[in-house]
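Participant: Got a predicted model here, sequence first, then my questions.
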Amino acid sequence: MRIKLLLIFSLLFLTSCSPLKNNADAIVEPYKLTKEQSSILQMTPFREGNSMFYNVILKSEKDEIHATIDYYQNGKKTNEIVNTATSHFPKKKVKLSFLPTR
């Protein structure tokens, strides 16, 4: 059951973060870990299959990132798992990751 829910979250999050058009304020793309990064991640309590990684390219260093992951059951939102915001990106390129806490 837990794996099914994680797969549903991943699918929902990936589809909601598809790359934007050229006139958009940001571009969000899934980030594929290198073999070395995957090996390091395997040494931690987290596993790559349960984690989500993204490249975010911003137009301005003054932009902000707001990320939310919601849990839905039977078509109704039952829980907000993550709600985070951050700002000030002098390089305009960010790697964003979500790792499970359990």
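Facilitator: Arrived safely. Numbering: from 1, shown residues only.
Participant: Could I get the full set of helices for this protein?
Facilitator: Ranges of helices in the chain, per DSSP state H, are 2-16, 35-42.
Participant: Any idea which of these has the lowest pLDDT on average?
Facilitator: If those are sorted by mean pLDDT, helix 2-16 sits at the bottom with a mean of 65.
Participant: Can you pull out the low-pLDDT segments for the protein?
Facilitator: Low-confidence regions of the chain, defined by pLDDT under 70, span residues 1-2, 4-24, 46-50, 61-62, 88-93, 95-102.
Participant: one more time with 50, if that's ok
Facilitator: Residue ranges of the chain with pLDDT under 50: 20.
Participant: Run me through the strand neighbours of the longest strand along it, direction for each.
Facilitator: For the chain, the strand with the greatest residue count under DSSP state E is strand 76-87. If you go by DSSP bridges, strand 76-87 pairs up with strand 64-73 (antiparallel).
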